[in-house]
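> build me a structure from this.
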Amino acid sequence: MPFDYRLERIMKIAESEQKSLEAQYQDLYDRLESVARTLIHLLDDKKQFQKKLEGSMKQPTSIESMKLQLSEIDRTDQRITRQTVLYQQLKTNLEKFRTVLQEKSIEVKKYEKIKSRQMAVYHHDQVKKDMKQMDEIAMLRTASSRS
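Numbering: from 1, shown residues only. As a prediction, this is how the structure comes out:
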């Protein structure tokens with residue numbers, strides 16, 4: 001009789017949920033990375049705009065040109081603010097998700113540990129059963145050889 005783990009279905013469901021959570025976690029992590037790259041790019045753009053503004057301030061320039069450069073810096077600041085808020089939201093969600101994923105991993109490991117223990121008990125019982133059968137066969141052979 002093969003080993004039958006009664007919680008196998010529950011363990012498979014938990015493993016499936018864990019894999020699904022891992023995929024969702026990876027997607028969220030990828031989005032966070034993308035937002036971070038965009039944020040870094042915007043910060044670099046802002047530095048370039050500021051350097052350009054500083055350079056144009058050293059030379060004679062029109063007020064209209066300076067207004068355009070300042071408005072470009074303001075727009076970039078607004079985009080940076082939006083990206084920073086989005087980054088913080090994604091980071092918070094990712095941390096919460098990590099906690100859920102860790103709990104699910106612990107749950108799966110518990111089922112695996114229970115299965116391992118039950119399998120060890122099953123194998124121990126099988127060995128005892130086999131030994132008992134061998135003893136019975138030996139007794140029958142001894143009894144039949146005497147007669």
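> L42: neighbour count?
19 (other CB atoms under 10 Å). For every residue, glycine as well, the C-beta is placed using N, CA and C.
> helix/strand/coil for it?
Counting by DSSP: H, G, I helix; E, B strand; the rest coil, the backbone at L42 sits in helix.
> that one contacts Q83, doesn't it?
Yes. Contact criterion CB atoms under 8 Å: L42 and Q83 qualify, at 6.1 Å.
> against M131, how distant is S116?
Noted for S116: a distance of 23 Å to M131, by CB to CB, to the nearest Å.
> again with T99
In terms of CB to CB, T99 sits 48 Å off from M131.
> check the offset of the helix or strand where H124 lies from the chain's centre.
Per DSSP states H and E: H124 is located in helix 63-146. Here the centre of helix 63-146 is set off from its chain's centre by 8 Å, with CA atoms, centre = their mean, to the nearest Å.
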